[in-house]
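> pasting the sequence and the predicted model now:
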Amino acid sequence: MGLFGIAMKLTPPCLQSLSPVFSHELLAPLPLFNPFQFIFRKNRGVCYRSSCCKNMKNEGDIMEHVGFDGAQVMVGNPHLLHSKISSTRFDGPSKLQVIADFDATLTKYWIDGQRGHSSHGLLQQGNAEFDLKRQKLYDYYHPLEIDPTIPLDEKAKLMEEWWEKTHALLIEGGLSYGAIKSSVANSRIAFREGVTELFELLERSNVPVLIFSAGLADIIEEVLRQKLHRSFKNVRIVSNRMVFDQNGDLVSFKGKTIHVLNKNEHALDMAGPLHDQLGDANGLTGDVFSVKTRTNVLLLGDHIGDLGMSDGLNYNTRISVGFLNDNIESSSDSYRSAFDVVYMNDAAMWGVVKLASQLCSTLDD
């Protein structure tokens with residue numbers, strides 16, 4: 001097997017003037033929109049910045065850092081990634097779906113030098129007593145959530161207990177939809193650059209997007225409404241959904257509780273089409289949302305645990321993209337091993353836009 005370097009360039013938002021990629025005869029030629037340039041270098045090591053690799057067989061030890069627009073990206077196994085891209089393109093966009101985490105994946109991790117709010121953390125109930133009660137639950141259960149010594153089945157029960165207690169406090173404390181709107185308006189939350197363009201590209205290609213979150217669907221929808229100012233007919237949210245009465249007061253939650261350990265394809269029955277909430281009557285129906293027949297997955301997440309979002313889906317090919325936003329030095333090895341591609345330091349979404357453009361094209365394009 002030859003040695004391959006990886007070079008990545010940032011595509012301008014318009015995505016209209018793209019250069020052809022370089023390829024060697026051992027690789028199938030990759031046309032426009034390929035986010036990676038595989039460059040064959042016979043009998044040579046490949047060096048980018050301070051990383052140098054002499055033996056591509058030791059792929060677990062490879063860490064290729066390639067800057068684009070001030071960001072860095074790691075690809076641990078370029079051969080496998082190239083194979084996955086080719087396979088997905090061969091099947092075409094009708095077999096593709098996108099599964100994305102919300103907080104710190106679609107949204108920025110840092111905003112103006114401060115940690116951005118999560119969709120759950122931004123909520124201010126409008127009742128100081130109940131805000132404090134929810135904070136106390138967090139202080140008790142969050143250490144249990146990250147405790148590696150607790151067995152997974154036991155931890156899942158604890159997480160469900162936490163979520164249900166929190167939901168009960170939201171109802172008891174009299175949460176209104178008006179409080180959600182004002183919480184979002186006053187929050188420190190923003191989407192990564194390129195998210196709108198990614199959604200638009202996937203919408204044009206009739207590729208469904210499932211946003212998985214252990215938070216609250218109604219808050220995520222309000223964030224989309226206030227920050228992106230539009231809906232997308234191909235987007236669904238798999239999250240906890242509230243039920244409000246005619247006065248806009250929370251009265252219950254729909255269906256089974258979705259928490260951090262069960263936000264996966266098994267929770268699809270909870271998925272609500274985004275256009276229902278944002279007033280778009282022209283939503284996609286039928287086969288487009290028969291996601292279980294779409295056996296190729298582009299998965300986006302910021303935690304290794306987000307790889308579990310595709311559990312329950314019998315996929316053929318999964319291309320996983322990780323966003324390593326913090327603790328770069330201590331986490332880079334594990335992220336590089338877990339994800340096919342890793343964007344570091346709170347990178348923009350432009351690299352994913354290019355990758356999705358490639359996956360939505362065909363081998364004949």
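Great, that's in hand. Just so it is clear, the model here is predicted, and its values are computed rather than measured.
> next, work out how far apart E161 and I85 are.
E161 is 42 Å from I85, where distance means CB to CB, to the nearest Å. C-beta coordinates here come from the backbone N, C-alpha and C atoms, glycine included.
> which one's more surrounded, the two?
I85 (21 against 15; other CB atoms under 10 Å).
> tell me the SS of V251?
Under DSSP: H, G, I helix; E, B strand; the rest coil, V251 falls in the strand class.
> ok, for it, nearest residue in space, not its chain neighbours?
D245 (5.1 Å; CB to CB, 6 or more residues apart in numbering).
> distance from stretch 338-348 to the middle of the chain?
11 Å (CA atoms, centre = their mean, to the nearest Å).
> list the contacts of that stretch.
Outside stretch 338-348, the residues that touch it by CB atoms under 8 Å, 6 or more residues apart in numbering are 10, 69, 71-77, 80-81, 84, 108-110, 192-194, 301, 304, 307, 319-325, 328, 332, 335-336, 351-352, 355.
> buried ones in it, by neighbour count?
Within stretch 338-348, the residues that qualify as buried are A338, F339, D340, V341, V342, Y343, M344, D346, A347, A348, counting by 16 or more other CB atoms under 10 Å.
> quote the end-to-end distance of it.
20 Å (CA to CA, to the nearest Å).
> what stretches of the protein score poorly on pLDDT?
1-71, 265-290, 363-365 (pLDDT under 70).
> now the helices: where do they sit in it?
Along the chain, counting by DSSP state H, helices occupy 78-91, 128-145, 152-172, 177-185, 195-204, 217-228, 274-278, 328-338, 350-360.
> so which of those helices is nearest N240?
helix 217-228 (6.2 Å; CB to CB).
> just checking, what packs against the closest one?
If you count contacts as 3 or more CB pairs under 8 Å, 6 or more residues apart in numbering; DSSP states H and E, helix 217-228 packs onto helix 177-185, helix 195-204, strand 235-240, helix 274-278.
> export the second one as PDB, just CAs?
The C-alpha trace of helix 195-204 is given here as PDB (Å, rounded to 0.1, in the frame of the first residue of the first chain):
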ATOM      1  CA  VAL A 195     -24.600  25.100   9.100                       C
ATOM      2  CA  THR A 196     -27.200  26.900   7.000                       C
ATOM      3  CA  GLU A 197     -25.300  26.000   3.800                       C
ATOM      4  CA  LEU A 198     -25.100  22.400   4.900                       C
ATOM      5  CA  PHE A 199     -28.800  22.100   5.600                       C
ATOM      6  CA  GLU A 200     -29.600  23.800   2.300                       C
ATOM      7  CA  LEU A 201     -27.400  21.400   0.400                       C
ATOM      8  CA  LEU A 202     -28.900  18.400   2.000                       C
ATOM      9  CA  GLU A 203     -32.500  19.800   1.500                       C
ATOM     10  CA  ARG A 204     -31.800  20.200  -2.300                       C
END
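> so what does that helix touch, helix or strand wise?
Checking 3+ CB pairs under 8 Å, 6+ apart, helix 195-204 ends up next to helix 217-228, helix 350-360.
> run the last query once more with 6 Å
helix 350-360 (3 or more CB pairs under 6 Å, 6 or more residues apart in numbering; DSSP states H and E).
> the helix it packs on vs helix 195-204, what angle?
Here helix 350-360 runs at 10 degrees with respect to helix 195-204, directions being taken by axes from the mean of the first three to the mean of the last three CA atoms, to 10 degrees.
> other SSEs contacting helix 350-360?
Short answer (3+ CB pairs under 6 Å, 6+ apart): helix 350-360 packs on helix 195-204.
> buried set for the helix it packs on?
V195, T196, E197, L198, F199, L201, L202, E203.
> then stretch 123-134?
L123, Q125, G126, N127, F130, K133, R134.
> roughly how far is it from the heart of the chain?
Counting by CA atoms, centre = their mean, stretch 123-134 is centred 29 Å from the centre of its parent chain.
> may I have that stretch exported as CSV, CA atoms only?
What follows is stretch 123-134, C-alpha atoms only, in CSV (Å, rounded to 0.1, in the frame of the first residue of the first chain):
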residue,chain,number,x,y,z
LEU,A,123,-33.4,27.7,29.9
GLN,A,124,-34.5,30.1,32.6
GLN,A,125,-37.8,29.0,33.9
GLY,A,126,-38.9,32.4,35.2
ASN,A,127,-39.1,30.9,38.7
ALA,A,128,-35.9,31.3,40.8
GLU,A,129,-36.9,28.6,43.2
PHE,A,130,-37.3,26.0,40.5
ASP,A,131,-34.2,27.1,38.6
LEU,A,132,-32.3,26.4,41.8
LYS,A,133,-34.0,23.0,42.2
ARG,A,134,-32.9,22.0,38.7
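> so which of the helices and strands packed on helix 217-228 comes closest to Q226?
So among the helices and strands packed on helix 217-228, helix 177-185 is nearest, using CB to CB, at 5.3 Å.
> can you check what angle separates that closest one from helix 217-228?
Using the same axes, to 10 degrees: helix 177-185 against helix 217-228 is 50 degrees.
> what packs against helix 177-185?
By 3+ CB pairs under 6 Å, 6+ apart, helix 177-185 packs against helix 217-228.
> contacting residues around the helix it packs on?
102, 119, 180, 184, 189, 191, 196, 213, 237, 239, 241-242, 277-278 (CB atoms under 6 Å, 6 or more residues apart in numbering).
> what would those look like in TSV with distance to T257?
As requested, the contacts of helix 217-228 are exported to TSV (distance: CB to CB, whole Å):
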residue	distance to T257
F102	17
S119	16
I180	19
V184	22
I189	23
F191	26
T196	31
S213	13
I237	15
S239	11
R241	11
M242	12
Q277	20
L278	24
